[in-house]
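[1] Just the structure for this:
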Amino acid sequence: MNHANAELIGRFYQAFQQLDAETMANCYTEDVRFSDPVFTDLRGADAGDMWRMLCAKAQGFTLTFEGVTADDHSGRARWVATYTFSQTGRTVVNLIEASFRFRDGKICEHRDHFDLWRWARQALGSKGLLLGWTPFVQNAIRQQAGKGLAAFQRNR
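    You can find the predicted model right below:
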């Protein structure tokens, strides 16, 4: 991890390990674009607010990361988040592949990839196992997450 952008990715995940959402958000450009299977298109301050919300709600949280590589333009990392899903009390171990793009020493694009059905099986139990692969349930997960972020932002 000797390229400056690899160190930036490391700083981002080290902050996440400490649930330090402000440092995470400061690793982003003001117009950052973030996407994952749940939050499919967050831009600017919404991305930082998502991390603020997730860090504030984190229960039983641990994070590991590895495989950080980066050059002047792009980067990658693998990370694993383990936590208690607050709505069900179930433990989730989420394996994520992240890709990044950089501009002016900050992250301008961040895409996380993970298996939403695998996540739903862990977080939701039998409902997730039986129905978590369906677009209906996956869209419901996205809508609930979006509503949660909007409520968090209203209450900040």
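[2] okay, CA-based contacts and neighbour counts for the rest of this
    OK.
[3] What lies in contact with stretch 63-81?
    1, 3, 5-6, 9-10, 13, 16-17, 61-62, 82, 92-103 (CA atoms under 8 Å, 6 or more residues apart in numbering).
[4] how about it: buried residues?
    Neighbour counts over stretch 63-81 (16 or more other CA atoms under 10 Å) mark 63, 65, 68-70, 74-81 as buried.
[5] can you check stretch 97-107 too?
    For stretch 97-107, the neighbour count (16+ other CA under 10 Å) marks 97-102, 106-107 as buried.
[6] likewise stretch 139-148?
    Residues 141-142, 146 are the ones in stretch 139-148 that count as buried (16+ other CA under 10 Å).
[7] Tell me how far Val38 lies from Asn26.
    22 Å (CA to CA, to the nearest Å).
[8] okay, the two: which has more neighbours?
    Using other CA atoms under 10 Å as the criterion, Val38 and Asn26 rank with Val38 on top: 19 against 13.
[9] For the more buried one, give me its contacts.
    Neighbour list for Val38: 116, 138, 141-142, 145 [criterion: CA under 8 Å, 6+ apart].
[10] Just the buried residues of stretch 97-107: which are in helices?
    Counting by DSSP state H, the buried residues of stretch 97-107 place none of their members in helices.
[11] Which helix or strand contains the residue of the chain most remote from its centre?
    Among the C-alpha atoms of the chain, the one most distant from their mean position (CA atoms, centre = their mean) is that of Leu130, at 24.6 Å. Element membership for Leu130, per DSSP states H and E: helix 126-131.
[12] on that earlier part again, would you mind checking the contacts of stretch 63-81 for buried ones?
    The neighbour count (16+ other CA under 10 Å) marks 5-6, 9-10, 13, 16-17, 61, 82, 92-102 as buried among the contacts of stretch 63-81.
[13] Same question for the helix-or-strand element of the chain with minimal mean pLDDT: list its buried residues.
    For the chain, counting by mean pLDDT, DSSP states H and E, helix 126-131 ranks last in confidence among helices and strands (a mean of 82). The neighbour-count check on helix 126-131 (16+ other CA under 10 Å) flags 128-129, 131 as buried.
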